[in-house]
Structure formats: C-alpha cells, structure tokens
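S.K.: Show me how the following folds:
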Amino acid sequence: MNVLLDTHVLLWMVSRSRQLSSIARDVLSNDANKLLFSVAAYWELGIKISIGKLELKEGWQEALPKEIARNGISWLPVVPSHIHAVARLPWIHRDPFDRLLIAQAITENLTIMTADPWFTDYGVPVVW
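M.R.: I've put the predicted structure just below:
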C-alpha cells in the first residue's frame, strides 16, 4: 500500500507517541508499505512554527529530514496536477494543507494516514 502521512502522523511517529492508533503503528512498521510525506505538509510545519501554533525542538530543520530518511519515507513533491485537483474539490474541509494532501492522494492513488475525520468525506482511502 502507498501511504501518504498527514503532518501529525509524522510528528507522532518520530516522537513514538501513543496517539498513533494500533492500525497506524502496524501500517508504519510493515516494510511492504511505501510511506510518503508531502512537501506541502513540511511547509505546513514551517508556517505553524512561525505563527506560534507549533513548537519543535531546536534543530528540527536537520533532525526531521534525517528521521524521514531513516524511516524510509519518500518525499512527495507538489506538482501542477495536484493543484488542478485542489481546484475541483468540494468545499467540505477548508484547511488548505489538508485539501492539498487530499488532492495529492486522489491524483497519485494513495491512501492517507490521518486521525482527521474530514478526509473520508472526500472519498479518499484513509487508514487510521
């Protein structure tokens, strides 16, 4: 399964948080699954840190990409077809980063790992 990780999932994964569901932990630890992290989600982290909505330890800019590589997670770039898909999405959920992740999942035929219940309203496969 090709799995796109929502922003909070990556943070919970690298911090070994108990907030991850047992199904999420099983999917993350299964080497048969390809895990992806969107550049858009990384951008979201930067914005949330800059406005004081999220605090990460000093040096997160070096540590997080190392954790992504160490865990065998691939970066998913944002390409024009993803933006075109965003433009076609209904206005069920207003968060621009979530909408872009949903569009990426639809365009690339990915399953999204998220605790956010809004994602399923778009008909995108969700695992949690």
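S.K.: Let me see the ranges of the helices in this structure.
M.R.: For the chain, helices defined by DSSP state H occupy the ranges 7-14, 22-29, 39-50, 60-70, 80-88, 96-108.
S.K.: could those helices go into CSV alongside mean neighbour count, distance to P117 and mean pLDDT?
M.R.: Where you see a C-beta, it was placed from the backbone N, CA and C, and this is true even at glycine. Shown next, in CSV, are the helices of the chain (neighbours: other C-beta atoms under 10 Å; distance: least, C-beta to C-beta, whole Å; pLDDT from 0 to 100):
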stretch, mean neighbour count, distance to P117, mean pLDDT
helix 7-14, 21, 13, 95
helix 22-29, 14, 14, 97
helix 39-50, 16, 18, 95
helix 60-70, 14, 26, 93
helix 80-88, 13, 20, 97
helix 96-108, 21, 11, 97
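S.K.: now those helices in JSON lines, with distance to A115?
M.R.: Output for these, formatted as JSON lines (distance: least, C-beta to C-beta, whole Å):
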{"stretch": "helix 7-14", "distance to A115": "7"}
{"stretch": "helix 22-29", "distance to A115": "8"}
{"stretch": "helix 39-50", "distance to A115": "14"}
{"stretch": "helix 60-70", "distance to A115": "19"}
{"stretch": "helix 80-88", "distance to A115": "22"}
{"stretch": "helix 96-108", "distance to A115": "12"}
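S.K.: so which of the ones you listed gets nearest D121?
M.R.: Closest to D121 of the helices of the chain, according to C-beta to C-beta: helix 96-108, at 9.4 Å.
S.K.: Cool, thanks, talk later.
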